[in-house]
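Visitor: Pasting the sequence and the predicted model now:
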Amino acid sequence: MSRRLSVAFYGAGQVSTNAAEILRRRADIEVLGPFGRAQRDAALRAGAEVVVIATTSFLSAIADDVRDAVESGSNVITTAEEAAYPWANDPATADRLDALARSRGVTILGAGLNPGFAFDALVLTACGVVAEVESLLVERVVDLSGFGETVLRRIGVAHSAESFEEGRRAGTVTGHIGFPQSMRVVAGRLGVEIERIDRELDPIFADTDLAASSLAVSAGETAGFRQRYAAVSAGGRTWFEAVFTGHVSPAAIGREPRDSITIRGPYGGVHLEATPGMNPQSGSASIVANSVRRVAAAPPGWTTVGDLPPAVPA
Ligand SMILES: NC(=O)c1ccc[n+]([C@@H]2O[C@H](COP(=O)([O-])OP(=O)(O)OC[C@H]3O[C@@H](n4cnc5c(N)ncnc54)[C@H](OP(=O)(O)O)[C@@H]3O)[C@@H](O)[C@H]2O)c1
């Protein structure tokens, strides 16, 4: 039996609830929470060995929560997508919290299925069977119907054409967040310098009324979106292309959930395919639950999934 570990959850939403349930089945883990906003201190300041912060996607919104947990001596796992590689958004905050974690001897990790696995950790693992990497193409088709309403509206579902466009301009409609972070995690491990990352986000409109578990989509509103991110390396070469199609009913557009990774190299490549694709809800909750031991054992500082051993159910 492994060493007993205490894990507290901040954010009482889908990820926390599902990951806490997974960990409660493990005899050697003590689960505290999930705690909502009103019980912030019970989650962040109780000194649990690992604190999971699953609240929002944005580094600026979780920075003080991470600070308080680290100051209380806890390792932190957060599902905030921007935290998967915080230097991509705000190097000063990333450096400050990294230094704080080092001084307290604890580790911070941003992780989930995406970012945290599908576009980074799994890609790096697949690179192990290729002698030299020329370019990467990672594609996901995701069924969004199980997402909560807040997340769905923010990523771009259930909008009119006008509100999608306005939100995209204002930054309130984001599409899925985390591709630049995943790309930088992979680039860091492969020693590639990214010159720029080009991005596209296009709405997909519903032809008929559709329903997700948390909201209804009327015909003519957005039922999903297509994103393409292209990381360009030295010499203007597209080195890493990420294509993501999210829809509340992929079958309605003739697609099915799937994941694929294509790695091309001068001495041969590899193509991996998962059909049906990895489940966003159970996948993310499992990655979080399966990360508590690797985070507790990791060297201090703000780390990434590129620097840790694989997440495993132990
Ligand atoms: N990296 C990944 O692969 C990955 C995977 C899954 C989720 N995520 C991200 O992780 C976050 C949580 O996901 P979820 O599916 O669990 O969302 P959710 O079901 O909407 O739950 C979020 C919870 O956090 C609370 N919350 C929101 N903003 C907060 C804040 N600023 N301070 C304190 N509490 C706050 C919400 O409370 P109220 O109801 O009171 O607002 C709710 O209890 C989302 O931003 C999601 O995009 C990332």
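Guide: Everything's here; your move.

Visitor: ok, now which ones touch residue 181?
Guide: 81-85, 88, 110, 115, 120 (Cβ atoms under 8 Å, 6 or more residues apart in numbering). Where you see a C-beta, it was placed from the backbone N, CA and C, and this is true even at glycine.

Visitor: how about 6 Å then?
Guide: Listed by Cβ atoms under 6 Å, 6 or more residues apart in numbering, the contact set of residue 181 reads 84-85, 88, 115.

Visitor: least confident pick among those?
Guide: Checking pLDDT across the contacts of residue 181, the minimum falls on residue 88 at 94.

Visitor: re earlier: out of the contacts of residue 181, what pair is the most spread apart?
Guide: The span of these, defined through Cβ to Cβ, is set by 88 and 115 at 10.3 Å.

Visitor: Between those two, tell me which one has more neighbours.
Guide: Shown here are residue 88 and residue 115; by other Cβ atoms under 10 Å, residue 115 has more neighbours (30 against 20).

Visitor: Low-confidence ranges, the stretch 101-250 of the chain, go.
Guide: Low-confidence regions of the stretch 101-250 of the chain, defined here as pLDDT under 70, do not occur.

Visitor: near the ligand, which residues of it show up?
Guide: 112-116, 148, 150-151, 178 (Cβ under 6 Å from any ligand atom).

Visitor: From the residues you listed, pick the one nearest the ligand.
Guide: The shortest approach to the ligand among these belongs to residue 112, at 2.1 Å (Cβ to the nearest ligand atom).

Visitor: residues in contact with the closest one?
Guide: Taking Cβ under 6 Å, 6+ apart, we find residue 112 in contact with 79, 284, 287.

Visitor: go again using 10 Å as the cut-off
Guide: Neighbour list for residue 112: 15, 19, 54, 77-81, 83-84, 118, 178, 280, 283-288, 291, 305 [criterion: Cβ atoms under 10 Å, 6 or more residues apart in numbering].

Visitor: ok so, going back, same list (the contacts of residue 181) but as JSON lines, adding secondary structure.
Guide: Formatted as JSON lines, the contacts of residue 181 follow (DSSP: H, G, I helix; E, B strand; the rest coil):
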{"residue": "84", "secondary structure": "helix"}
{"residue": "85", "secondary structure": "coil"}
{"residue": "88", "secondary structure": "helix"}
{"residue": "115", "secondary structure": "coil"}
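
Visitor: Quick one: end-to-end length of stretch 209-227, please.
Guide: Length of stretch 209-227, first residue to last, Cα to Cα, to the nearest Å: 23 Å.

Visitor: buried residues in it?
Guide: 210, 212, 214-215, 217, 221-227 (16 or more other Cβ atoms under 10 Å).

Visitor: Which of those residues sits closest to residue 201?
Guide: Using Cβ to Cβ, the shortest approach to residue 201 within these belongs to residue 227, at 5.2 Å.

Visitor: and that closest one, that's in a strand?
Guide: Yes - counting by three-state DSSP, residue 227 is located in a strand.

Visitor: and it, what does it touch?
Guide: Contacts for residue 227 (Cβ under 10 Å, 6+ apart) come out as 140, 155-156, 174-177, 179, 199-202, 242-246.

Visitor: follow-up on the earlier one: are any of the contacts of residue 112 buried, and if so which?
Guide: Using 16+ other Cβ under 10 Å as the burial test, those include 15, 19, 54, 77-81, 83-84, 118, 178, 280, 283-288, 291, 305 as buried.

Visitor: Cross these against helices and list the overlap.
Guide: Members of the buried ones among the contacts of residue 112 lying in helices (criterion: DSSP state H): 15, 19, 280, 283-288.

Visitor: Near the ligand, list only the ones from the residues you listed.
Guide: 15, 284.

Visitor: can I get the ones in helices among the buried ones among the contacts of residue 112 in CSV with pLDDT?
Guide: Shown next, in CSV, are those (pLDDT from 0 to 100):
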residue, pLDDT
15, 96
19, 98
280, 94
283, 97
284, 97
285, 98
286, 98
287, 98
288, 98
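
Visitor: Return the member of the ones in helices among the buried ones among the contacts of residue 112 nearest to residue 71.
Guide: Set against residue 71, the nearest of those by Cβ to Cβ is residue 288 (21.9 Å).

Visitor: so that closest one sits right up against residue 51, yeah?
Guide: No - in this structure residue 288 lies outside contact range of residue 51 using Cβ atoms under 10 Å: 11.6 Å.
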